[in-house]
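**Q** Any chance you could fold what I've pasted below:
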Amino acid sequence: MEVSLAVYDLSFGLASSLSRQFLGVHVPLVPHTGVVVTLSTGERVEYFFGGGIQRLDPESFRSGHGIRPLRETPMGRTCQTPSGIEAWLAANGPRFTPRTYDLLRHNCNNFSDAFLRECLGLSGVPSDVLDVPRRFVESPMGSVLAPMISDMYRPFNGPEAAPEAPPPPPTMQPAQATALDFSALLGAPQPPPRPPEDYTSELAELRLMGFDDEARNLECLRRAGGDLGLAIDYISEG
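**A** Residues are numbered from 1 along each chain as shown. Predicted coordinates for the structure are as follows:
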């Protein structure tokens, strides 16, 4: 089966153009990655980590979230079987859940790297993607913002998180980075406040993170006054 790595930039170019000015270092993108496997039937499946391990038809994922990959890099052929993939996903499900998620250390790019290496027997995610969080945290502003970012997503690291899974090397989860509004973190001018019921972008981000109950998502967004982090807390409470 042929395998490729789809790399997205959820800042839509904003990170590359503004990061040096506001962070003091160049951050090329806010990366999200998915591993695309072409089955023997010709069907393409994109695997990614967002609210748990997800799998979707690549075009459905991209059109549904209004985003296209910057690049889709061929990674080679795998000798792994579809049943072997399913077995690996089932065994590693507890390793990749909303509670084990960490914005800077354990996110979709870490999942893609582990899936490529451990399951498919191929090379992992390129260093230019995996290295983004380190460059962010080591920047003057990043060192200030990192604790705040971690605190915002502390609900995902509660006592139910799998203790046996040590966090892989740091990297940034793009879907969550978008939720934090990367342009605001960089100090870019913000548009006028939106009407309180205009939650289109937040609903799209929640879908990207694997929260698919649209009615529940909208209810929690209204309850949170449009605050995405607080809405995620409400959704996670059940």
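**Q** Show me where the chain dips below the pLDDT cut-off.
**A** Scanning the chain for pLDDT under 70 picks out 142-198, 238.
**Q** rerun at 80
**A** Scanning the chain for pLDDT under 80 picks out 10, 15, 19-27, 50-51, 102-104, 134-202, 204-210, 223-231, 233-234, 236-238.
**Q** what are the ranges of the strands in it?
**A** For the chain, the strands defined by DSSP state E occupy 2-9, 31-38, 44-49, 53-56, 71-77.
**Q** if we compare those strands, which one ends up closest to F111?
**A** With respect to F111, and counting by C-beta to C-beta, the nearest of the strands of the chain is strand 44-49 at 3.5 Å. (Each C-beta comes from the backbone N, C-alpha and C, glycine too.)
**Q** I'd like to know which elements the closest one is packed against.
**A** When contacts are defined as 3 or more C-beta pairs under 8 Å, 6 or more residues apart in numbering; DSSP states H and E, strand 44-49 sits against strand 31-38, strand 53-56, helix 58-65, helix 108-114.
**Q** close enough to count as contact, H32 and L5?
**A** No - using C-beta atoms under 8 Å, H32 is not in contact with L5, being 11.3 Å away.
**Q** if we can go back for a sec, go through the strands of the chain and name the closest to G225.
**A** strand 31-38 (26.3 Å).
**Q** In its sheet, which strands sit next to the closest one, and in what direction?
**A** strand 2-9 (antiparallel), strand 44-49 (antiparallel) (DSSP bridges).
**Q** how about it: buried residues?
**A** Residues P31, H32, T33, G34, V35, V36, V37 are the ones in strand 31-38 that count as buried (16 or more other C-beta atoms under 10 Å).
**Q** who does the fifth one bridge with?
**A** Applying DSSP bridges to V35 gives these bridge partners: L5, Y47.
**Q** Adding distance to G76, write the helices and strands packed on strand 44-49 out as a markdown table.
**A** Converted to a markdown table, these look like this (distance: least, C-beta to C-beta, whole Å):
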| stretch | distance to G76 |
| --- | --- |
| strand 31-38 | 11 |
| strand 53-56 | 20 |
| helix 58-65 | 18 |
| helix 108-114 | 15 |
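**Q** list the contacts for the closest residue in space to L120 that isn't next to it in sequence?
**A** Leaving aside its chain neighbours, L120 sits nearest to T78 (4.1 Å; criterion: C-beta to C-beta, 6 or more residues apart in numbering). Applying C-beta atoms under 8 Å, 6 or more residues apart in numbering, we find T78 in contact with M1, V3, V37, L120, G121, L122.
**Q** The same query, at a cut-off of 10 Å, please.
**A** Going by C-beta atoms under 10 Å, 6 or more residues apart in numbering, T78 touches M1, E2, V3, V37, G84, I85, L116, C119, L120, G121, L122.
**Q** what separates the first one from C220, distance-wise?
**A** The spacing between M1 and C220, counted by C-beta to C-beta, to the nearest Å, is 38 Å.
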